[in-house]
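1. Could you look at this predicted model? Sequence included:
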Amino acid sequence: MKRVTATALILLAVSMVLVWRIVSIYRNSPQKSGLRLTIGDITAFRGSHRNRVEISLENQDVSLRGVQLEMCDGDNYLSCTGCDVADRTRGFTCSSNEKPNGCYELILFSFTKVIEKGKGPIVSFSCDVAEQAPGGECRELYAGRLEIADENKQSLDAAVERGRCCFEDCVSPADCDASLWCYDALSCIDGACQSTQRCVDDGLYCNGKEYCDEDANECKHTPEPCAHCYVSGCSCDEATDSCKQYGGKRGDSI
């Protein structure tokens, strides 16, 4: 009888642990919410610049605090930059970067606002197309990673509608003219757009990175990477791409 009681208690304890774990998994899992994220389609000439990709979201039943999206393209013919909010997300902060795996990651968030219930565009960004892209073919644009949080910062599931990018061969330099200040000497060679960049980075670490500001029509550069420690006594070491403190002290590596 004691053995039976002990066995029953053990089984009860195991059952309670299993129930607790199942409940925990359920609570921590993304909840179904009827969300749908759509990656827009684009058609672009090979070698062209600043082709706009638009991301839309349908959230009819819940308001949202933020979105983190990793967008990838088949065979990695796109190189994307920038991140512009839409009317629905005005007041939000959008940060973005190209990842080592070739995907483009953007984070859309706000500490004070929410994406109200509804549907429509939430963000867009620009993509350059490689000259090596195959003319007359298309590649999928898909979400490598997607995280969406409601106003209580709970993770939500979302259906994803993939987009696609179709590549075309240019016929004349006019096909490559996107009226961009940052690119000059446009030409069309073997079906691919080619151009000269106005603002070319010199490859040096200590003077910051040169880049072209299309909105301002001028060349700019990022702040010097060691400027934050000049006052306290440091120098920029071009050979090691790092900031070194005077007097043998350990400096920052940026």
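-> Received it, and whenever you're ready, just let me know what you need.

2. Centre-most residue in this structure?
-> With distances taken as C-alpha atoms, centre = their mean, Glu105 lies nearest the centre of the chain, 1.9 Å away.

3. Name the nearest residue to that one, sequence neighbours excluded.
-> Nearest residue to Glu105, sequence neighbours excluded (C-beta to C-beta, 6 or more residues apart in numbering): Glu70, at 4.7 Å. Where C-beta positions appear, they are placed from N, C-alpha and C, glycine not excepted.

4. That neighbour: what's it in contact with?
-> Counting by C-beta atoms under 8 Å, 6 or more residues apart in numbering, Glu70 touches 99, 103-105, 143-146.

5. out of those residues, which are inside strands?
-> 104-105, 143-146 (DSSP state E).

6. Please tell me which one of those residues counts the most neighbours.
-> Tyr104 (23 neighbours; other C-beta atoms under 10 Å).

7. could you dump the helix or strand harbouring Ala159 to PDB, C-alpha only?
-> Using DSSP states H and E, Ala159 maps to strand 155-161. Extracted in PDB, the C-alpha atoms of strand 155-161 (Å, rounded to 0.1, in the frame of the first residue of the first chain):
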ATOM      1  CA  SER A 155       5.100  38.600 -29.000                       C
ATOM      2  CA  LEU A 156       2.600  38.000 -31.700                       C
ATOM      3  CA  ASP A 157       2.500  35.600 -34.700                       C
ATOM      4  CA  ALA A 158       1.900  37.000 -38.200                       C
ATOM      5  CA  ALA A 159       1.300  35.500 -41.600                       C
ATOM      6  CA  VAL A 160       3.900  36.800 -44.200                       C
ATOM      7  CA  GLU A 161       3.100  37.500 -47.800                       C
END
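
8. Quick one: list the elements packing against it.
-> The contact analysis (3 or more C-beta pairs under 8 Å, 6 or more residues apart in numbering; DSSP states H and E) places strand 155-161 against strand 31-39, strand 138-150.

9. which helices and strands does the last one pack with?
-> Taking 3+ C-beta pairs under 8 Å, 6+ apart as the contact definition, the neighbouring helices and strands of strand 138-150 are strand 31-39, strand 64-73, strand 155-161, strand 163-168.

10. One more pass at 6 Å, please.
-> The contact analysis (3 or more C-beta pairs under 6 Å, 6 or more residues apart in numbering; DSSP states H and E) places strand 138-150 against strand 64-73, strand 155-161, strand 163-168.
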